[in-house]
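Enquirer: Sequence and predicted structure are below.
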Amino acid sequence: MQVDYRELIEEIKEITTVDGFVSSCLEIKESMFFYDRDLMLAAYSASLELLVVAALFSASLHGKRELHRAETEVVRHVDELLEELTKYRLPLDIQYVVDRYLQDAGFQTSLRMPVYTQMMRNYASSTEYREESIDMLIQQAHRCIAKDSDDLEKELNLILGQVGTKMLRGGHLRPIWLQISHPRIYIILLGLQTMMNNFQVTPYYNFPFQDITTERQKRKKIAGNVVLDLGVFRNFRQGGSGYTDLNVVLVKDDYDHYLENFLSNFDYLDGEPDQEFINLIVAIFETRLVNEELENGLLLKLLVYCDYWQISEVSDVALEILELLDPDDPLYFGFWTLLRSLDGKALPAIRRFIRKNRESPLLPYISIFLSRGKPGKRKWDLLTEIFENYPYEDEDKAQMARSIAHYGGTEAVTYLENALADAQATKDAYRLGIEEALASARANED
């Protein structure tokens, strides 16, 4: 059957006036055995967002022009609701609820709207099936936040719109992403999963959706086949069953179960990771670059796992995280322990890092790392590259010289002699450091 998107838009228009908002909340409240303000507002938002996406989906079946028209209308109605609620001064009890809605559920809906519209544009254009998985797209979204470009919101909405379109087509959102994602991404993912849960229990939609061509063929208009009864979309206001972002349901696959069991104990260390699981581990680590609230325990367990299986693919993100951490942080020791365990396997990542970050405060520590363990040409080349490209003659560069001395050998002595000859004549900290390093290298040479 086919739902008339114009009827859905009329319903959206009705519940996005101030009176409509208040009436809808009262209907939800009356259906509750125990009143809970946040649950009531979450139910209102879930109902509104379901109506919005259902209207956009139904419009997309008619064509891109209808989708654009529907998008313009639903966005306007939602924006006007938020504007009107901000403007009006209402009775104290209602104002209390309104203020909470604007701060929480309404604010979240405003962030989700651009993603929902982008999601449906992708679906209508059949562009949702790019090679990236949902995990890879969420990883890209976190990288986007880390990059913090001027077009952050636009780029983020494009990426998360792709996530949404894949979910419409049955793509799987892992529970871990709702535990560790940056708050900005978490809000969107929570809304998308709630949306998918509600589509699954909504009549007239065989969810997940097939491609738009197939859906159009399934819904060819036959006399009497257009559904005008909107009762199902009023479920929340009539006490029916449905989902809000306070009771999200997530399906788990084998990787999710494995990750969940592994994080609870170490009995699963014997399970050797495949490439997909390795990619997931890297993506989990990358969230730490933008989410400082991420639980250390989770990452420390993953570090043990990476050490056990020698997963060198995490070396790049390990260095990025180390640059952000305080040396007193338990993670700091954990990441250095992993890199020392990887030893030569970590050198390609170190090379990439030092060439990208010529002035990083992490470079003296990397030089210490390179000076230890089994010597080799690659380590020596990286040590000297760090020293030569560091632009300041300061204590950090002196520490790099000490690392060269610790590496040892005739080569180190000759190198430091040349460095001392090039240093300024004044007895500053850098020159004194070079002299100290040279003396140490000569002692080690003997």
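Expert: Received the coordinates, thanks.
Enquirer: Helix or strand: which one has the nearest residue in space to residue 319 that is not next to it in sequence?
Expert: Excluding the flanking residues, the one nearest residue 319 by CB to CB, 6 or more residues apart in numbering is residue 353, at 4.6 Å. For every residue, glycine as well, the C-beta is placed using N, CA and C. With elements taken from DSSP states H and E, the one containing residue 353 is helix 347-356.
Enquirer: could I have that helix exported to PDB, CA atoms only?
Expert: C-alpha atoms of helix 347-356 as PDB (Å, rounded to 0.1, in the frame of the first residue of the first chain):
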ATOM      1  CA  LEU A 347      58.500   1.900  12.000                       C
ATOM      2  CA  PRO A 348      56.400   2.700   8.800                       C
ATOM      3  CA  ALA A 349      53.800   4.500  11.000                       C
ATOM      4  CA  ILE A 350      56.600   6.400  12.800                       C
ATOM      5  CA  ARG A 351      58.000   7.500   9.500                       C
ATOM      6  CA  ARG A 352      54.600   8.800   8.400                       C
ATOM      7  CA  PHE A 353      54.100  10.600  11.700                       C
ATOM      8  CA  ILE A 354      57.500  12.400  11.800                       C
ATOM      9  CA  ARG A 355      57.200  13.600   8.200                       C
ATOM     10  CA  LYS A 356      53.800  15.000   8.900                       C
END
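Enquirer: between the following helix or strand past that helix and helix 347-356, how many degrees?
Expert: Where DSSP H and E defines the elements, the next helix or strand beyond helix 347-356 is helix 363-371. With axes from the mean of the first three to the mean of the last three CA atoms, to 10 degrees defining the directions, helix 363-371 sits at 150 degrees from helix 347-356.
Enquirer: Remind me what helix 363-371 packs against, helices and strands.
Expert: Contacts defined by 3 or more CB pairs under 8 Å, 6 or more residues apart in numbering; DSSP states H and E place helix 363-371 against helix 330-342, helix 347-356, helix 377-389, helix 395-407.
Enquirer: quick one: the second one to chain centroid distance?
Expert: Meaning helix 347-356. In terms of CA atoms, centre = their mean, to the nearest Å, the centre of helix 347-356 is set 24 Å apart from its chain centre.
Enquirer: Quick check: which ranges of the chain have low pLDDT?
Expert: Within the chain, the stretches with pLDDT under 70 are 1-3, 127-130, 219-241, 266-268, 425-426, 446.
Enquirer: can you give me the strands in it?
Expert: 2-3, 226-227 (DSSP state E).
Enquirer: Find the residue at the geometric middle of the chain.
Expert: Centroid-nearest residue in the chain, with CA atoms, centre = their mean: residue 142, separated by 3.9 Å.
Enquirer: returning to what we had before: quick one: contacts of the helix holding residue 353?
Expert: 312, 315-316, 318-320, 360, 362-363, 366, 369-370, 378-379, 382, 385-386, 389 (CB atoms under 8 Å, 6 or more residues apart in numbering).
Enquirer: at 6 Å what do you get?
Expert: Around helix 347-356, the neighbours that count as contacts under CB atoms under 6 Å, 6 or more residues apart in numbering are 315, 316, 319, 378, 386.
Enquirer: What of stretch 372-383?
Expert: Contacts for stretch 372-383 (CB under 6 Å, 6+ apart): 343, 347, 367, 370, 404.
Enquirer: try stretch 47-60
Expert: By CB under 6 Å, 6+ apart, the list of residues contacting stretch 47-60 from outside reads 3, 5, 8-9, 11-12, 66-67, 70, 74, 116, 120, 124, 195, 198, 233, 236.
Enquirer: so how far is residue 105 from residue 160?
Expert: 19 Å (CB to CB, to the nearest Å).
Enquirer: Which one's more surrounded, those two?
Expert: Counted by other CB atoms under 10 Å, residue 160 and residue 105 do not tie: residue 160 has more neighbours, with 29 against 23.
Enquirer: can I assume that one is in contact with residue 189?
Expert: No. The criterion here is CB atoms under 6 Å, and residue 160 misses it with residue 189 at 7.7 Å.
Enquirer: follow-up on the earlier one: show me the contacts for the residue nearest to the centre of the chain.
Expert: Residue 142 neighbours (CB under 6 Å, 6+ apart): 286, 287, 290.
Enquirer: What separation do you get for the last one and residue 422?
Expert: Using CB to CB, residue 290 is found at 41 Å from residue 422.
Enquirer: So between the two, which is more surrounded?
Expert: residue 290 (21 against 9).
Enquirer: list the buried ones in stretch 300-316?
Expert: Across stretch 300-316, burial judged by 16 or more other CB atoms under 10 Å covers 301, 302, 303, 305, 306, 307, 311, 312, 313, 314, 315, 316.
Enquirer: how close does the closest residue to the fifth one other than its chain neighbours sit to residue 295?
Expert: So that's residue 306. Residue nearest to residue 306 in three dimensions, not counting chain neighbours: residue 314, with 5.3 Å by CB to CB, 6+ apart. Residue 314 is 17 Å from residue 295, where distance means CB to CB.
Enquirer: Same check on residue 252?
Expert: From residue 252 to residue 295 the distance is 19 Å (CB to CB).
Enquirer: go on, residue 19?
Expert: 44 Å.
Enquirer: Residue 301 now?
Expert: 10 Å.
Enquirer: Same question for residue 131.
Expert: With CB to CB as the criterion, residue 131 and residue 295 are 31 Å apart.
Enquirer: who has more neighbours, the two?
Expert: Remark: of residue 131 and residue 295, residue 295 carries more neighbours, 13 against 5, as counted by other CB under 10 Å.
Enquirer: can you give me the helices in the stretch 1-150 of the chain?
Expert: Ranges of helices in the stretch 1-150 of the chain, per DSSP state H, counting those that start in this stretch, are 5-15, 18-30, 37-60, 64-87, 92-103, 105-125, 134-147.
Enquirer: quick one: contacts of the fourth one?
Expert: Residues lying outside helix 64-87 but in contact with it, judged by CB under 6 Å, 6+ apart, are 5, 9, 12-13, 16, 18, 52, 55-56, 59-60, 98, 102, 106, 113, 117, 124.
Enquirer: Show me how to select, in PyMOL, the buried members of those residues.
Expert: Burial among the contacts of helix 64-87 is assessed by 16+ other CB under 10 Å; the matching PyMOL selection reads:
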select buried, resi 5+9+12+13+16+18+52+55+56+59+60+98+106+113+117+124
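Enquirer: residues near residue 206, how many?
Expert: Residues near residue 206, counting by other CB under 10 Å: 11.
Enquirer: Nearest residue to it in space, please, no chain neighbours.
Expert: residue 218 (7.8 Å).
Enquirer: Look at the one you found and say how many residues are nearby.
Expert: 13.
Enquirer: That one and residue 210, how far apart?
Expert: 8 Å.
Enquirer: try residue 278
Expert: Per CB to CB, residue 278 is found 32 Å from residue 210.
Enquirer: With residue 258 instead?
Expert: Taking CB to CB, one finds residue 258 at 30 Å from residue 210.
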